[in-house]
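Engineer: please find the sequence and the predicted model below.
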Amino acid sequence: MDILSRRPKPVAVRHKYDKVREKVDKLPRIEKRIELLKLLDQLEPQIVMMEEHHMNNFELRKTADYINYSLKRVNLLMSQERAKKELIRR
């Protein structure tokens, strides 16, 4: 987020997206991986739009909030998968 204008930076959103995508790529179960990659693929056009188009502060913040919410949802689904795997292991 840019401190002076309080605008979310597209570079920061892209960085979070890339980190989550790398974690999803390392999942062992291919069914779960494909499901989560489909969710992430739906976010890609919005990230590109943030990076390439001029948007006012309201649109930029709204888009960034939607992307961050979706990334949190993917992280939650991954953590549920990890919890199931640990229960099976025990």
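Structural biologist: Right, received. Where do you want to start?

Engineer: what about the longest helix in this structure?
Structural biologist: Secondary structure of the chain per DSSP state H: the longest helix is helix 57-89.

Engineer: which stretches of this structure have low pLDDT?
Structural biologist: Counting by pLDDT under 70, the chain has low-confidence residues at 1-7, 83-90.

Engineer: let's see 80
Structural biologist: Along the chain, the model assigns pLDDT under 80 to residues 1-8, 81-90.

Engineer: who touches the most centrally placed residue in the chain in this structure?
Structural biologist: The chain has Leu71 as the residue nearest its centroid, 3.0 Å off, counting by Cα atoms, centre = their mean. Taking Cβ atoms under 8 Å, 6 or more residues apart in numbering as the criterion, Leu71 is in contact with 16-17, 20, 43. Placement of C-beta: from N, CA and C, glycine included.

Engineer: now do Leu40
Structural biologist: Leu40 is in contact with 17, 20-21, 24, 74, counting by Cβ under 8 Å, 6+ apart.

Engineer: element containing it, please.
Structural biologist: helix 30-52 (DSSP states H and E).

Engineer: now do that helix against helix 57-89, angle only.
Structural biologist: 160 degrees (axes from the mean of the first three to the mean of the last three Cα atoms, to 10 degrees).

Engineer: and helix 30-52, how far from the chain's centre?
Structural biologist: Centroid displacement of helix 30-52 relative to its chain, using Cα atoms, centre = their mean, to the nearest Å, is 7 Å.

Engineer: stretch 69-81 too?
Structural biologist: Mean-position distance between stretch 69-81 and its chain equals 9 Å (Cα atoms, centre = their mean).

Engineer: what are the buried residues along that stretch?
Structural biologist: Using 16 or more other Cβ atoms under 10 Å as the test for burial, stretch 69-81 gives 70-71, 74-75, 78, 81.
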